[in-house]
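Q: fold the following, please.
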Amino acid sequence: MPSLPEADAATRAYFIAWLERFSGYVREVDYAAARPLFHPDVLAFGTHRDVIPGLAAWQATQWDNVWPKTSDFRFDTDATRVLVSADVSMATVVAPWTSTGYAQDGTTFDRPGRATMIFNKQDGAWLCTHSHMSLNRGVPQQSFANRPVKAK
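A: I've put the predicted structure just below:
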């Protein structure tokens, strides 16, 4: 059986930088900066909803329920896998992530999870067209921080 279609070094570096950029926007609670990374009709899954059609709905139902209520979001880029189609028009990024959650009394807890993101190359630019981010098993679903949104 052939091996998985791993990305070449330059393509992997691009997506690692993408993950770093996106995770920075999550930490800053900067929705406005993050939106251009995604197709406006992105299909997403997440902790708070099953299928979320479109970026506006994803922001309203997922980002609003997670980004301001957690902190320290980061992808584990060493463990990230990047797969690319033979014609280099589609890529899949599989990445574990970590963050800090907050109990109602303000105590912190580790909040790890994993993500699968699918990208399509359109007019020479990669846009995320599907994202599935979910918590690891046993991690509390709710977090109670109340950080300000930098930019809607």
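Q: partners of Ile52 in the sheet?
A: Judged by DSSP bridges, the bridge partners of Ile52 are Ala44.
Q: hang on, isn't it packed against Phe38?
A: No: under the criterion of C-beta atoms under 8 Å, Ile52 is not in contact with Phe38, lying 11.4 Å apart. (Glycine included, C-beta is placed from N, CA and C.)
Q: where do the contact lists of the two overlap?
A: Residues touching both Ile52 and Phe38 (C-beta atoms under 8 Å, 6 or more residues apart in numbering) are Trp58.
Q: can you point me to the longest helix in the chain?
A: Looking across the chain with DSSP state H, the single longest helix is helix 9-28.
Q: can you give me the helices in this structure?
A: Using DSSP H, helices in the chain cover 9-28, 31-34, 55-58, 64-66.
Q: out of those, which is closest to Asp87?
A: helix 9-28 (12.7 Å; C-beta to C-beta).
Q: can I get that closest one in PDB, CA atoms only?
A: What follows is helix 9-28, C-alpha atoms only, in PDB (Å, rounded to 0.1, in the frame of the first residue of the first chain):
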ATOM      1  CA  ALA A   9       8.800  20.700   3.300                       C
ATOM      2  CA  ALA A  10       7.700  24.100   1.800                       C
ATOM      3  CA  THR A  11       4.000  23.200   1.900                       C
ATOM      4  CA  ARG A  12       4.300  21.800   5.400                       C
ATOM      5  CA  ALA A  13       6.000  25.000   6.500                       C
ATOM      6  CA  TYR A  14       3.200  27.100   5.000                       C
ATOM      7  CA  PHE A  15       0.600  25.200   6.900                       C
ATOM      8  CA  ILE A  16       2.500  25.300  10.200                       C
ATOM      9  CA  ALA A  17       2.800  29.000   9.800                       C
ATOM     10  CA  TRP A  18      -1.000  29.100   9.100                       C
ATOM     11  CA  LEU A  19      -1.700  27.200  12.300                       C
ATOM     12  CA  GLU A  20       0.600  29.600  14.300                       C
ATOM     13  CA  ARG A  21      -1.100  32.600  12.800                       C
ATOM     14  CA  PHE A  22      -4.600  31.200  13.500                       C
ATOM     15  CA  SER A  23      -3.800  30.200  17.000                       C
ATOM     16  CA  GLY A  24      -2.500  33.700  17.700                       C
ATOM     17  CA  TYR A  25      -5.800  35.100  16.600                       C
ATOM     18  CA  VAL A  26      -7.600  32.700  18.900                       C
ATOM     19  CA  ARG A  27      -5.400  33.700  21.800                       C
ATOM     20  CA  GLU A  28      -6.000  37.400  21.000                       C
END
